[in-house]
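S.K.: For reference, the sequence and a predicted model appear below.
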Amino acid sequence: MLIFMEESDQTNWYKLDNAAKLYPAISSRRWMSIYRLSIKLYEPVDKDMLQRALDITVNRIGLFSCRLKSGMFWYYFEKNPNRARIEEDAVNPCIHMQSRKRGGHLFRVRVYDKRISLEVFHSVADGHGGVIFLKTLVAEYLKQKGIFIPAQRGVLDCSEQPSKEETEDAFLRYYNKKSVKSWKESRAYQVSGTSEEGHTLYIINGLVSVQDIKQLAKKHQVSITEYLTAVYMYALYIVQCHENPLKIRPVKVSVPINLRAFFDTKTLRNFSSYVNPEINANWGSYNFDEVLYVVHHFLRSELTKKNLTAKMSKNVKAEKNILVRILPLHLKNMAISTIYHMSGESRMTSALSNIGLMDMPEEMAAHIERFDAMLGAPRYNRINCAVCAFKGVMNICFSSTIKESNVEREFFTFLVKQGVHVKLETNRGK
């Protein structure tokens with residue numbers, strides 16, 4: 001039985017980290033929490049070479065070679081003996097992973113022409129871990145072509161053995177039972193719209209100059225993440241006021257936080273938290289400067305090590321509760337799914353995940369044209385946003401499950417009015 005395994009046996013299995021335990025419980029036959037990262041090279045991809053590079057990378061980053069198994073009380077990851085294979089890219093990004101039909105793998109590597117895309121079930125790793133895996137994979141691919149890439153700036157050395165630090169559950173390491181934050185959040189505004197049947201994920205990429213956004217943020221004396229979050233909240237606020245001015249709810253944008261910026265760890269697993277800045281139009285109308293003021297001061301007050309420790313510790317404390325631990329897995333799933341439905345996505349309007357600047361060795365960057373990031377469809381909400389930057393270009397990617405694009409239009413129109421040149425790419429019809 002899993003619960004009697006010794007620590008020395010954990011080369012073949014892993015406990016799920018505190019954040020990872022959420023995702024299997026809330027998954028369904030049609031939905032999984034998946035994100036996508038892509039690198040576009042200057043030359044077409046040799047699939048045979050990429051397959052060899054994938055074999056080497058999966059062997060180096062063992063967490064990605066695991067499959068999800070269910071025990072009596074908890075899910076766990078078990079070493080997967082099946083080979084992960086390169087797949088052709090498709091028009092349906094971030095579609096549900098039928099892991100049983102894919103050898104149990106919880107990630108996929110897709111290829112189209114010059115583009116290499118990694119799609120990951122969020123239970124395996126957060127965006128940081130995904131970026132490390134994709135960088136290492138592409139570096140190994142370039143090595144297969146005779147191009148030397150140093151193991152630095154997020155590229156791992158595939159000739160080295162994985163370290164235990166890479167697979168640690170940093171939530172448990174930094175858990176403080178004396179520091180637990182209790183909070184309550186009200187329901188948030190949810191974007192309405194017309195859903196498509198089946199799996200349809202509408203994508204709108206807005207390519208802008210990093211320098212343009214940086215100058216706007218500097219002008220207002222805020223960070224880039226604060227500025228973009230405020231623009232997004234303002235766009236959502238405008239859309240809500242037009243949609244149903246008689247039924248106003250708070251607009252909340254969930255901003256994922258990479259806890260590695262506050263706590264020393266090399267883990268490639270999940271180690272993120274989030275904060276939910278909000279505005280409530282029931283209190284009065286807002287202009288953009290007022291929204292930006294709220295976002296700036298909220299994030300600055302929330303993003304402290306003590307506050308994040310307390311928030312993280314609340315979740316870990318719940319996991320350690322003896323009644324929760326002895327509850328059978330199927331009952332845990334029912335409870336977690338119900339709680340998530342009542343107090344998860346319903347407490348936010350959308351998410352904006354800023355992965356930031358994609359730093360990598362110069363020898364590697366010379367062969368890469370662009371880097372993209374995308375969030376898969378949320379389970380209940382209608383729209384999400386992911387941001388990344390590479391070689392002076394920022395990609396602001398909206399992923400949506402509705403036909404209407406009112407929010408995206410308001411967002412990019414606002415930036416254009418500020419003097420930002422925006423190049424749009426989309427899979428939506430004209």
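M.R.: Sure thing, it's come through.

S.K.: can you pull out the strands in the stretch 101-250 of the chain?
M.R.: Secondary structure of the stretch 101-250 of the chain by DSSP state E, counting those that start in this stretch: the strands cover 107-112, 115-121, 202-209.

S.K.: which of those strands sits most buried?
M.R.: strand 115-121 (a mean of 23; mean count of other CB atoms under 10 Å). For every residue, glycine as well, the C-beta is placed using N, CA and C.

S.K.: How far does that strand sit from its chain's centre?
M.R.: 12 Å (CA atoms, centre = their mean, to the nearest Å).

S.K.: helices or strands up against it?
M.R.: strand 34-41, strand 107-112, helix 127-144 (3 or more CB pairs under 8 Å, 6 or more residues apart in numbering; DSSP states H and E).

S.K.: Would you mind checking the average pLDDT for the longest one?
M.R.: pLDDT averaged over helix 127-144 equals 98, rounded to a whole number.

S.K.: Check stretch 251-271 too.
M.R.: Mean predicted confidence for stretch 251-271 is 96.

S.K.: again with stretch 166-186
M.R.: In this model, stretch 166-186 has an average pLDDT of 86.

S.K.: What are the buried residues along that stretch?
M.R.: Going by neighbour count (16 or more other CB atoms under 10 Å), the buried part of stretch 166-186 is 166-171, 174-175, 179-180.

S.K.: how far does that stretch sit from the chain's center?
M.R.: Using CA atoms, centre = their mean, the offset of stretch 166-186 from its chain centre is 19 Å.

S.K.: Touching it from outside, list them.
M.R.: 14-15, 17-19, 61-63, 249-250, 252, 259, 263, 265-271, 276, 306-307, 309-317, 343, 347 (CB atoms under 8 Å, 6 or more residues apart in numbering).

S.K.: residue contacts, T136?
M.R.: Counted by CB under 8 Å, 6+ apart, T136 has contacts 57, 60-61, 154-156, 158.

S.K.: would JSON lines of the residues you listed with neighbour count, pLDDT and distance to D372 be doable?
M.R.: Listed next are the contacts of T136 as JSON lines, based on neighbours: other CB atoms under 10 Å; pLDDT from 0 to 100; distance: CB to CB, whole Å:
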{"residue": "T57", "neighbour count": "25", "pLDDT": "98", "distance to D372": "19"}
{"residue": "R60", "neighbour count": "21", "pLDDT": "96", "distance to D372": "24"}
{"residue": "I61", "neighbour count": "21", "pLDDT": "95", "distance to D372": "21"}
{"residue": "G154", "neighbour count": "18", "pLDDT": "96", "distance to D372": "16"}
{"residue": "V155", "neighbour count": "21", "pLDDT": "98", "distance to D372": "19"}
{"residue": "L156", "neighbour count": "22", "pLDDT": "97", "distance to D372": "21"}
{"residue": "C158", "neighbour count": "18", "pLDDT": "96", "distance to D372": "24"}
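
S.K.: can you redo those residues as TSV with distance to K135?
M.R.: Output for the contacts of T136, formatted as TSV (distance: CB to CB, whole Å):
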residue	distance to K135
T57	10
R60	12
I61	11
G154	5
V155	5
L156	8
C158	12
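
S.K.: what's the closest of the residues you listed to I368?
M.R.: Checking the contacts of T136 against I368 with CB to CB, the nearest one is V155 at 12.1 Å.

S.K.: residue contacts, the closest one?
M.R.: 135-136, 139, 149, 360-361, 364.

S.K.: Residue nearest the middle of the protein, spatially speaking?
M.R.: G127 (4.8 Å; CA atoms, centre = their mean).

S.K.: I figured it hits S33, correct?
M.R.: No - in this structure, G127 is not within contact of S33 by CB atoms under 8 Å, at 11.9 Å.

S.K.: now the helices: where do they sit in the stretch 151-300 of the chain?
M.R.: 170-173, 210-219, 224-243, 288-302 (DSSP state H, counting those that start in this stretch).

S.K.: circling back to that earlier point, just want to check the distance between the residue nearest to the centre of the chain and D212.
M.R.: 24 Å (CB to CB, to the nearest Å).
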